[in-house]
Structures are given as structure tokens and as C-alpha cells.
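> I would like the atomic coordinates for the input below:
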Amino acid sequence: MLKTIIQASENFCIHQIREPHVISDGINEKITLIAYIDISAQDDKKHRIYIASDKNFMQRISKLFLEEDESDEETLIDMTLETANLIVGSAKVIAEEADENPYTIDTPHFEKIDNFDFAYDEAKIVKIENDEMIIAIKEL
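Sure, this is the predicted structure:
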């Protein structure tokens, strides 16, 4: 499942942000904006998908979508929720097209601005220059 979400995040970097990116394992210790979306798979398993990014990564997205050079915290939170929705929604389509355990997605929720300290089963970091976004998955 993480594979399709990572594929969707790579597509997001290529087609939306249009900047070179690197994918690596693990998480980081940076203060991040953290959102999540719960998904229910066809195999009756439920997962929580976390999207957590540093403020610079979300500011990059805010500048792209809203043309804001310096967004306030509320806007960065909104961009975190929108990014989670775009990535997980795109991964849903990828999973359906590949017939790889399709799933439904819930509404994204904002958790907090803090270190990523949630339990997770798998995680990857998407990095563009020095800006980072964590994508983590936890079976519920």
C-alpha cells in the first residue's frame, strides 16, 4: 500500500512541484505540520496515512498553488490537508487501476505542528533540496 502512496507522491513532485526529489527511508526530527487520512481497503483492513512536512516544504506548495511568498500558519495547515488529499486520492486511483487492494478514503484531519512521534509501520521521506515531507502508514 505504501508503494502506491509513494508513487503518487513522486507524481506530485514531478507534475505539480516540478522539482527533482529524492525518496529515502525513515523519518526526521524536524518540527512538522502533520495531517492524516484514514483509508479502508477492500481486504477490510484500515490504515492511517500520515503526511508530515516541514514548513519550507509546505511553503513551496503554497507558493505554487496560491502564489504566496510567505504564508501564515493557517494557510500552511490548509496546504498540508490539501496535499494529503491530493497524494492519497491519487494513490487511490493508482491502486484501483492496478487492481491492488483498492480502498476508500476519509476526510483529511490536521493533527499538530510538532515532531513526528506517532507509531507507524512504514515510512519514507520525500526531499526536495532541504525541504522534507514524511509519508508514513500505520495499520489500525
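
> Could you tell me which ranges of the chain sit under the pLDDT cut-off?
Where the chain drops to pLDDT under 70, the residues are 1.

> nearest residue to residue 24 other than its sequence neighbours?
residue 125 (4.9 Å; Cβ to Cβ, 6 or more residues apart in numbering). All C-beta spots, glycine's among them, are computed from the backbone N, C-alpha and C.

> try residue 75
Using Cβ to Cβ, 6+ apart, the nearest residue to residue 75 is residue 62, at 5.9 Å.

> and that neighbour, what element?
Here residue 62, judged by DSSP states H and E, is contained in helix 55-66.

> helices or strands up against the helix or strand harbouring the residue nearest to residue 24?
Counting by DSSP H and E, the element that carries residue 125 is strand 122-128. With contacts taken as 3 or more Cβ pairs under 8 Å, 6 or more residues apart in numbering; DSSP states H and E, strand 122-128 sits against helix 2-12, strand 22-25, strand 131-139.

> tell me the angle of the longest one relative to strand 131-139?
Yep, that's helix 2-12 we're talking about. Between helix 2-12 and strand 131-139, the angle comes out at 150 degrees (axes from the mean of the first three to the mean of the last three Cα atoms, to 10 degrees).

> what's the offset of helix 2-12 from the middle of its chain?
Counting by Cα atoms, centre = their mean, to the nearest Å, helix 2-12 is centred 9 Å from the centre of its parent chain.

> Check stretch 15-32 too.
With Cα atoms, centre = their mean, you get 9 Å for stretch 15-32.

> so how far is the first residue of it from its last?
24 Å (Cα to Cα, to the nearest Å).

> May I see the buried residues of that stretch?
Buried residues in stretch 15-32, counted by 16 or more other Cβ atoms under 10 Å: 17, 21, 27-28, 30, 32.
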